[in-house]
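S.K.: no FASTA, just this:
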């Protein structure tokens, strides 16, 4: 089966699913998006990894795994989203130690959080993208906004025969703050380990850059 490389397009809080976040993966050589609903902790961990300037005062679980793996010369080579069953994505982590390759089963959110920390590529099979991938249609003005705004939110996870609603991410009033104020709030959120707030602040800062 043919593999398709993916990149992270955006992550945002879902207003209709309490405690759920939407992660959008985009095919590198194409326009299809793969929406995946993930939990709050995993969303925060992914957001922290995406924002290189955010340094948690203590290592998160995925940071601990990265430190552990590095200490024992374990490298993650790639992550493959290999199965979709009843709306649930299944992933494998391909890792290597002493030139011996191992395949480890993992939740997709955990696998992606680790892939970011190891700078490892993310793939899925063409058949999965054909089944669960979506095209977003925008006017030229909306298209420009979509390209610059990573806070794309999915309020219904794609299932066979269902539509997926795409909306702009919630700002929680951060639009009224200046860039300096946003950066100060971001520093406070990281210092207090409020990574949910930090993720939302990071999204607002990204929209302005």
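M.R.: Right, received. Where do you want to start? The structure displayed is predicted, hence computed values, not measured ones.

S.K.: could you use CA atoms for every contact and neighbour count after this?
M.R.: Noted.

S.K.: got a list of what the residue nearest to the spatial centre of the chain touches?
M.R.: Centroid-nearest residue in the chain, with CA atoms, centre = their mean: residue 23, separated by 4.6 Å. Contact partners of residue 23, counting by CA atoms under 8 Å, 6 or more residues apart in numbering, are 8-12, 35-38, 43, 153-154.

S.K.: could you rerun that using 6 Å?
M.R.: When contacts are counted by CA atoms under 6 Å, 6 or more residues apart in numbering, residue 23 touches 11, 35-36.

S.K.: roughly how far is stretch 45-61 from the heart of the chain?
M.R.: Distance of stretch 45-61 from its chain centroid, counting by CA atoms, centre = their mean, to the nearest Å, is 13 Å.

S.K.: those helices in the protein, which residues are they?
M.R.: Along the chain, counting by DSSP state H, helices occupy 40-50, 61-71, 108-118, 126-132, 140-148, 179-191, 195-208.

S.K.: closest one to residue 85 among those?
M.R.: helix 126-132 (10.1 Å; CA to CA).

S.K.: now that closest one: buried residues?
M.R.: Across helix 126-132, burial judged by 16 or more other CA atoms under 10 Å covers 126-129, 132.

S.K.: what's the answer for stretch 104-122, then?
M.R.: 106, 108-118, 120-122.

S.K.: next, count neighbours for residue 192.
M.R.: Neighbour count for residue 192, taken as other CA atoms under 10 Å: 12.

S.K.: residue 39 reaches residue 11, doesn't it?
M.R.: No: if you go by CA atoms under 6 Å, residue 39 and residue 11 don't touch, sitting 11.3 Å apart.

S.K.: and the two? which has more neighbours close in?
M.R.: More neighbours surround residue 11 than the other of residue 39 and residue 11, with 28 against 15 (other CA under 10 Å).

S.K.: quick check: residue 3 vs residue 57, distance?
M.R.: Counting by CA to CA, to the nearest Å, the gap from residue 3 to residue 57 is 37 Å.

S.K.: comparing the two, which residue is more hemmed in?
M.R.: Taking neighbours as other CA under 10 Å, residue 3 and residue 57 compare with residue 3 leading, 16 against 10.
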